[in-house]
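> Sequence first, then the predicted structure:
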Amino acid sequence: MRTYRGASAPERRADRRARLLAACLDVIGEVGVLGVTVDAVCARAGLTKRYFYETFADREAALDAVADDVYDGLHVSIGSALRRADGDQRARASTAVEVFAATLDADPRIARLYAESPGHPRLCARRDAAVDRFADLVLDDVLRLGPGDRERARTAAVLVVAGTTHVVTRWLAGGVPLARVELVDEVTRIGTKLLT
């Protein structure tokens, strides 16, 4: 396989994709989802449109990929933290809420993507799918339920995850006047009451 500057063609494609995804997330952080254009993403990434269209079919496909990347990363982070967590259900729930709130608090780009997704049909569908995955994480790694106990608990888990998402995004926007530790404690208290 031929290389260019020490990188193979697949490595260069992966690097360009990563740069475009990072640039798209940067643009979301600066001007919001509606402000994402192919030109803005390419300018931010330092790549031409040719490379954009070799990677993504269009702007919507790039937004889809960014959302998937963000939600996959959150899922991995929360899942890893839960697998390391000791204690009862409340302690595990607190761990999940803390990782979620800390991640959004630390990266305004992710917070803005999360907050603006409901206003964008394709991103809203991706966020809904992420809520479902996080609900499964709650059932598996917070409640530690077996297959026979999941049916009724799943509705409560979806409610808790969706509610947590909404409360945390409002908190980031200044709409919930609590310190992060207080927010995590309150969301955990309410969530575990609903789930148990």
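Arrived safely. Numbers count the residues shown, from 1 in each chain.
> Could you pull out the helices in the chain for me?
In the chain, the segments counted as helices under DSSP state H are 9-31, 38-45, 49-55, 59-84, 89-106, 108-116, 121-137, 150-172, 180-195.
> Show me how far the third one is from its chain's centre.
Counting by CA atoms, centre = their mean, to the nearest Å, helix 49-55 is centred 25 Å from the centre of its parent chain.
> For it, which residues meet the burial criterion?
Neighbour counts over helix 49-55 (16 or more other CB atoms under 10 Å) mark 51-52, 55 as buried. Any C-beta I mention is one placed from the backbone N, CA and C, and that applies to glycine too.
> swap in the fifth one?
Residues of helix 89-106 classed as buried by neighbour count (16+ other CB under 10 Å): 89-90, 92-101, 103-104.
> Stretch 61-81 now?
In stretch 61-81, counting by 16+ other CB under 10 Å, buried: 62-67, 69-71, 74, 78-79, 81.
> now these in TSV, with pLDDT?
Output for those, formatted as TSV (pLDDT from 0 to 100):
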residue	pLDDT
Ala62	97
Leu63	97
Asp64	97
Ala65	97
Val66	97
Ala67	97
Asp69	96
Val70	96
Tyr71	96
Leu74	96
Ile78	96
Gly79	94
Ala81	95
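> Show the contacting residues for the residue most central in space within the chain.
Nearest residue to the geometric centre of the chain (CA atoms, centre = their mean): Tyr71, 3.1 Å. Neighbouring residues of Tyr71 by CB atoms under 8 Å, 6 or more residues apart in numbering: 126-127, 129-130, 133.
> measure it to Ala157 for me?
16 Å (CB to CB, to the nearest Å).
> got a list of what Arg112 touches?
28-29, 32-33.
> Next: Leu104.
Here Leu104 is in contact with 110-111, 114, 168-169, 172 (CB under 8 Å, 6+ apart).
> Put together TSV for those residues, with neighbour count, pLDDT and distance to Asp141 on each row.
Formatted as TSV, the contacts of Leu104 follow (neighbours: other CB atoms under 10 Å; pLDDT from 0 to 100; distance: CB to CB, whole Å):
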residue	neighbour count	pLDDT	distance to Asp141
Ile110	21	96	21
Ala111	21	95	24
Tyr114	24	92	21
Val168	24	95	19
Thr169	19	93	23
Leu172	20	94	24
